[in-house]
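In: quick one, what's the 3D model for this:
(one chain, ligands or ions: 1)
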Amino acid sequence: MNQIIPPTIPPALFAERADAIAQAAAELAASGWTPATSSNFSMRLDAEHAAITISGRDKGHLGRDDIMLVDMQGHAVGTSARPSAETELHTQIYRRWPAMNVVLHTHSRTQSVASRLFAKEGAVRLQGWELQKAIAGQTTHDSELLIPVFPNTQHMPELVAQVDAWLDAGKPLHAYLIDGHGIYTWGRDMAETRRHLEALEFLLGCELDLRRLSA
Ligand SMILES: [Zn+2]
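Out: Okay, the predicted model is just below:
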């Protein structure tokens, strides 16, 4: 592969993270959540670097050569490969939360439909669901879990600014939807982030069912 690893990063660490990303991606692809090469995944390597999927690859069949290094501004490091167009959304999360080490972004049908349906309201308000407790820090079904829906754009700085504005207003954020597009969520490790993603997929599906059944 053409990825040059900076001397401060153990090559075994990069390989381990690349393998973890590829395995998670294969499982999420098997669930049908990454259609047509969409979606992107990353893991932090250190304070300055993250490993992220290269743009346009089939997420069901990733190998180490499909994962590259970026710095925390989203620029490629040690490779001429092109990172995902949405890399800045990943590095934003690592910059804002030093404790977060994994970011997963998928485009499932449920996530996509929910993002369109709830875009008018600007957020999905989850309350009363036991599975809200799967999100780190949520201790009861009684609390309200707000998942904002940001307008889609191909101009990443606009999306970054929307996320910053939400956080700078002091609002909690565990995940967000992008209208007509998909979901972003993150966590301290891969297991926690997968749990967040699965819980949110389930909860969004429940909200869609409720709307359908009470129409
Ligand atoms: Zn996307």
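In: run through who's touching the helix or strand containing residue 70.
Out: Per DSSP states H and E: residue 70 is located in strand 67-71. Applying C-beta atoms under 8 Å, 6 or more residues apart in numbering, the contact partners of strand 67-71 are 3, 5-6, 9, 14, 17-18, 21-22, 42, 45, 48-54, 76-79, 81, 83, 87, 90-91. Quick note: C-beta positions are derived from backbone N, CA and C, even for glycine.
In: pull out the buried positions in the longest helix seen in the chain.
Out: Secondary structure of the chain per DSSP state H: the longest helix is helix 190-213. Within helix 190-213, the residues that count as buried by 16 or more other C-beta atoms under 10 Å are 190, 192-201, 203-205, 207-208.
In: closest to residue 106 out of those?
Out: Nearest to residue 106, judged by C-beta to C-beta, of these is residue 197 at 6.7 Å.
In: and that closest one, what does it touch?
Out: Taking C-beta under 8 Å, 6+ apart, one finds 28, 104, 106, 183, 185 in contact with residue 197.
In: for the third one, which non-adjacent residue is spatially closest?
Out: Computed as C-beta to C-beta, 6 or more residues apart in numbering, the closest residue to residue 106 that is not its neighbour in sequence is residue 33, at 4.1 Å.
In: one more: the fourth one?
Out: The shortest distance from residue 183 to any residue other than its chain neighbours is 4.5 Å, reached at residue 111 (C-beta to C-beta, 6+ apart).
In: gap between that neighbour and residue 22?
Out: Distance, residue 111 to residue 22, by C-beta to C-beta, to the nearest Å: 21 Å.
In: wasn't residue 125 part of a strand?
Out: Yes - with DSSP: H, G, I helix; E, B strand; the rest coil as the criterion, residue 125 is assigned to a strand.
In: beta partners of it?
Out: On the basis of DSSP bridges, residue 125 is bridged to residue 146.
In: now stretch 168-175: mean pLDDT?
Out: Across stretch 168-175, pLDDT averages out at 96.
In: now do stretch 20-39
Out: Stretch 20-39 comes out at a mean pLDDT of 94.
In: can you pull out the helices in the chain?
Out: Counting by DSSP H, the helices of the chain are 11-30, 87-96, 109-118, 156-168, 190-213.
In: before we move on, back to that, and the furthest pair within the buried residues of helix 190-213?
Out: Checking the buried residues of helix 190-213 with C-beta to C-beta, the most distant pair is 190 and 208, at 26.8 Å.
In: picking up where we left off before, in PyMOL, select just the buried ones from the contacts of strand 67-71.
Out: Buried subset of those, written as a PyMOL selection, criterion 16+ other C-beta under 10 Å:
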select buried, resi 3+5+9+14+17+18+21+22+42+45+48+49+50+51+52+53+54+76+77+78+79+81+83+87+90+91
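In: among the contacts of strand 67-71, which ones are in strands?
Out: 42, 49-53 (DSSP state E).
In: this completes my enquiry, with thanks.
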